[in-house]
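Asker: got a predicted model here, sequence first, then my questions.
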There are 2 protein chains.
Amino acid sequence: MRNLILSLIPVMALFSLTGCQKETTSHNEEVVPALLQQKAFNSNLAYELVESLTVEVGPRLAGSEKDPIAVEWAIKQLTSLNFDRVYKEPVQVPVWQRGDAKASITSPYPQPLVITALGGSIGTPPDGIIASIARFDSLGSLEKATPEEVSGKIVFIDQLTERHKTSKGYVKSAAARLHGASVAAHKGALAVINRTVGTSQNRIAQTGMVKYQDGINKIPAVAISSPDAELINAMLRRSNDVKIKLHLSSKSMGFTTSFNVIAEVTGSNKPEEIVLISAHLDSWDEGTGASDDGAGIAIVTAAAKLIQDLPTKPARTVRVVLYAAEEVGYFGARAYAKEHQAELDKHYIAAESDFGAAPVYQIDFGINNANFAEVIQLVQPMTGNGIALGNNSSTGGPDVSFLHKKGVPVASLRQDGTDYFDYHHSPNDTLDKIDPEALQQNVAAYAQFAYLMAQSEFDLRPITAD
Amino acid sequence: MRNLILSLIPVMALFSLTGCQKETTSHNEEVVPALLQQKAFNSNLAYELVESLTVEVGPRLAGSEKDPIAVEWAIKQLTSLNFDRVYKEPVQVPVWQRGDAKASITSPYPQPLVITALGGSIGTPPDGIIASIARFDSLGSLEKATPEEVSGKIVFIDQLTERHKTSKGYVKSAAARLHGASVAAHKGALAVINRTVGTSQNRIAQTGMVKYQDGINKIPAVAISSPDAELINAMLRRSNDVKIKLHLSSKSMGFTTSFNVIAEVTGSNKPEEIVLISAHLDSWDEGTGASDDGAGIAIVTAAAKLIQDLPTKPARTVRVVLYAAEEVGYFGARAYAKEHQAELDKHYIAAESDFGAAPVYQIDFGINNANFAEVIQLVQPMTGNGIALGNNSSTGGPDVSFLHKKGVPVASLRQDGTDYFDYHHSPNDTLDKIDPEALQQNVAAYAQFAYLMAQSEFDLRPITAD
């Protein structure tokens, strides 16, 4: 009872602050979310976290020398925030060195190109590769090409990334980046050049993984910026033999140990049941990993901290997971799903923040259809934070999808990604692109979500198949 | 007479096209500008020229292997456009090699930096320089510093570039880029890092000249992007000893011969008198020189071509000058002023286009005050192209100022430069940043200006001192 009274003090303060005269209520599912929202908008914690991470760690490619520094940073921050538990779990992650990447058009009109190596790419021979270009406007067109069109050439996949609020434009062009090398190599190509997977006209190429298919020869894979793609196209309009020289010293160097870093707010009543909110600790190596995924780390950490600081903890445990090695193939998420297999049935719901720092505009679930209508009503307080109540078609984000595949209910707090792919996976992913106020809105959203889920009395399982 | 009648045919066509029923007039100063404007907006010539230059030549640093290719391109284009005269004049230009430029913060938090060598910079010793930073918020602050604050350090001039419609923001911060190295070296600095002279938050550093003062030790000079400047500042808030490692292999290698390329539309009545419209043929080496100054080349060339194609040529000669080596110190403009010294008194007026491709919003003059009111009325037809009639305070652009200093009347067709310094002097100066319609508006403006000046009966001299 003492706890209940204590828990109402900030709520009463809230209502007196807002001048509302209605009676305070013990219906925490209404008043605590409002309180969390107000506290989120009064706190700079998330911004301070992403600022600290980008300045004191910066780029933190999985398996690089910055990887353990990022882990150490996370442990230190979570510990200093006084979470009930802070721990880490080992993850084997690949080691890849970017090296140098240079390319130029050598014919018909010599010009340098702005490129970047794709993650995981092999290098060229030390003297580089010079070959004619075979251009395709999409991965689909390349798939239809004959070996004669491609063999001995550098394949140029000129696939545009459409600008959308969701990730649907990215998903399509990222497939060309992931699979282009193996599709091209299977037909005898020497290397592959992808038009940047992004929506900007900046002369900056965006990195991201290439996925070599087993049994197919590996070939070097790079991205070029949009203006460079347009330059090549202008030359192809003048000549059907555009030659490119490519030099890449990238290489893979086995595996090393990194860690998933985890913090918990212990549940007051059902501590063994888990509401999981997550992000990934690694980043690409050319920016400072501000939007991807410093923002996500900051959002879920600051959200959990608001719950940690509540006078009365919610029933379930709120677990923050900062995954290792997402960018290079979801190694942390896979390891988590394996390591926690025995308690996956105790994972009440899972969500992740990995789409930058723009505002959340909608919440979707991936739970049992029968209870969806009631659960979506339960998160109705989130509408006060500008969030629409969505659908039940979520499969979770990239990391959380590994839990969803094993039956864990998920939610997606949809962020406006209209500009996200302007900077994504590029040197331009820096702190200045983050709007502190939008970050606060995200913190409020995740705090409200985690609190309401940790208090929910609905059954979310079995999840309804897609 | 036959020519006069022929010359009226398109004018009559113009009026019939626009449905105007008023009688055609022989008052060419009214109808020809309208005709030129219509023809400019119906022509893609300027866009085709800048596309050709950026694709077939691309970056064309003065003195580089691309310099003669640019000259050859210009001669070929101007010849194929059937100007009355096309010729070139030799100019001695400096040779500078950019080499490699790398920098990183080594302490307190190691991070790579995005930098570019400033034009003309010397290199570092082969092993680079590691030193602590001494930060100044402006060139003025650096000037006030004691040698003790600076000696043995890498000076960081964190001067912001203000965004304005005019170049006034640029002019201030460019002074820090030009003179920072010598001011810092005079107090014992080892190197200088300038915050990029530009208005963008892109993680791209912008180049531009450094001007070493005679008698002062030369030190390496680089620019860093705005996000990198902010990263250094974030570290300086945490530590008063931020160390940077800088490696630069830039070097100067004497002089070589380039050319001013010139084309003329011979005047019908006073062919020895010259209306000069100009731009510069060289560019920086990291973009493709689209806005700076491919646009200017395209604008003045296409404008002159409209006049070349008039059935009756205007009285004076319209001379297009494409200067060599503007970026590296106005070598072409200086050479032109010297080479043409004997006929400078026959230069009726001079103007240049070197501010990108955004629309012209105002015309200013630098002529005799006594006739200004009448001359500004003479160009009244330009208001139909969206151009305001301005003042008499122009001193010409960077290249034309050398003529103005010798008494040649000048005009400035002011373009909206609000976004110009986002891309200026960077890899981002590419064709896609140019709006074809704005380019047409510029062509119309220069064609109208050149025609009206070539027909003018006013005396513009002696120019009124500033």
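Answerer: Now that the structure is in, tell me what you want to look at. Numbers count the residues shown, from 1 in each chain, chains lettered A, B, ... in the order given.
Asker: tell me the pLDDT of the spatially most central residue of chain A.
Answerer: With distances taken as Cα atoms, centre = their mean, the residue of chain A nearest its centroid is residue A:354 (3.0 Å). At residue A:354, the pLDDT value in this model is 98.
Asker: and residue A:286, by the same measure?
Answerer: In the predicted model, residue A:286 carries a pLDDT score of 97.
Asker: same question, residue A:22
Answerer: You'll see residue A:22 listed with a pLDDT of 38.
Asker: what's near enough to touch residue A:102?
Answerer: By Cβ atoms under 8 Å, 6 or more residues apart in numbering or on different chains, residue A:102 lies in contact with A:112, A:115, A:128, A:246-248. C-beta: built from backbone N, CA, C; applies to glycine.
Asker: need the phi and psi values for it.
Answerer: phi -140, psi 140 (degrees, to the nearest 10).
Asker: before we move on, what about residue A:206?
Answerer: phi -100, psi 130.
Asker: now do the contacts for the residue nearest to the centre of chain A.
Answerer: A:279-280, A:292-293, A:296, A:326, A:397-399.
Asker: ok, so of those, who is nearest chain B?
Answerer: Chain B lies nearest to residue A:292 out of the contacts of residue A:354, by Cβ to the nearest Cβ, at 14.1 Å.
Asker: burial of the closest one, as a residue count?
Answerer: For residue A:292, the tally of surrounding residues (other Cβ atoms under 10 Å in any protein chain shown) stands at 25.
Asker: kindly confirm my reading that it is in a strand.
Answerer: No. With DSSP: H, G, I helix; E, B strand; the rest coil as the criterion, residue A:292 is located in helix rather than a strand.
Asker: distance of it relative to residue B:208?
Answerer: Plainly put, residue A:292 is 32 Å away from residue B:208 if you go by Cβ to Cβ, to the nearest Å.
Asker: likewise for residue A:259?
Answerer: Distance from residue A:259 to residue B:208, by Cβ to Cβ: 45 Å.
Asker: can you tell me the SS state at residue A:246?
Answerer: With three-state DSSP as the basis, residue A:246 sits in strand.
Asker: what of residue A:286?
Answerer: On the basis of three-state DSSP, residue A:286 is classed as coil.
Asker: give me the neighbour count for the closest residue to it other than its chain neighbours.
Answerer: Leaving aside its sequence neighbours, residue A:286 sits nearest to residue A:427 (Cβ to Cβ, 6 or more residues apart in numbering or on different chains; 4.4 Å). By other Cβ under 10 Å, 26 other residues sit near residue A:427.
Asker: now do residue A:405
Answerer: 12.
Asker: now it. Its backbone dihedrals?
Answerer: For residue A:405, the backbone dihedrals (degrees, to the nearest 10) come out as phi -60, psi -20.
Asker: what's the spacing between it and residue A:274?
Answerer: From residue A:405 to residue A:274 the distance is 17 Å (Cβ to Cβ).
Asker: looks like residue A:374 contacts residue A:456 (just checking).
Answerer: No. With contacts defined as Cβ atoms under 8 Å, residue A:374 does not count as touching residue A:456, sitting 9.3 Å away.
Asker: who's more crowded, the two?
Answerer: A direct count of neighbours by other Cβ under 10 Å for residue A:374 and residue A:456 places residue A:456 higher, at 21 against 12.
Asker: identify the residues contacting the closest residue to the more buried one other than its chain neighbours.
Answerer: Once flanking residues are discounted, residue A:456 sits nearest to residue A:378: 5.9 Å by Cβ to Cβ, 6+ apart. Contacts here follow Cβ under 8 Å, 6+ apart; on that basis residue A:378 touches A:29, A:452, A:456, A:458.
Asker: phi first, then psi, for residue A:378.
Answerer: When quoted as degrees, to the nearest 10, the phi and psi of residue A:378 stand at phi -60, psi -30.
Asker: return the residues of the stretch 251-400 of chain A in contact with chain B.
Answerer: Contact residues, the stretch 251-400 of chain A versus chain B (Cβ under 8 Å from any Cβ of the partner chain): A:287-288.
Asker: run the last query once more with 10 Å
Answerer: Contact residues (Cβ under 10 Å from any Cβ of the partner chain) of the stretch 251-400 of chain A with chain B: A:285-288, A:290.
Asker: on that earlier part again, which of the contacts of residue A:102 are close to chain B?
Answerer: Within the set of the contacts of residue A:102, contact with chain B (Cβ under 10 Å from any Cβ) is found for residue A:112.
Asker: point out where the stretch 151-300 of chain A drops to low pLDDT.
Answerer: The stretch 151-300 of chain A contains no residues with pLDDT under 70.
Asker: and the strands in it?
Answerer: Applying DSSP state E, counting those that start in this stretch to the stretch 151-300 of chain A gives strands spanning A:154-157, A:191-195, A:221-224, A:243-248, A:251-265, A:270-280.
Asker: need these in TSV (columns: mean neighbour count).
Answerer: Shown next, in TSV, are these (neighbours: other Cβ atoms under 10 Å in any protein chain shown):
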stretch	mean neighbour count
strand A:154-157	27
strand A:191-195	28
strand A:221-224	28
strand A:243-248	22
strand A:251-265	20
strand A:270-280	23
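Asker: residue A:437: neighbour count?
Answerer: Counted with other Cβ under 10 Å, residues neighbouring residue A:437 total 12.
Asker: go on, the one 4 residues further on?
Answerer: As a burial measure, the neighbour count of residue A:441 was computed by other Cβ under 10 Å and equals 22.
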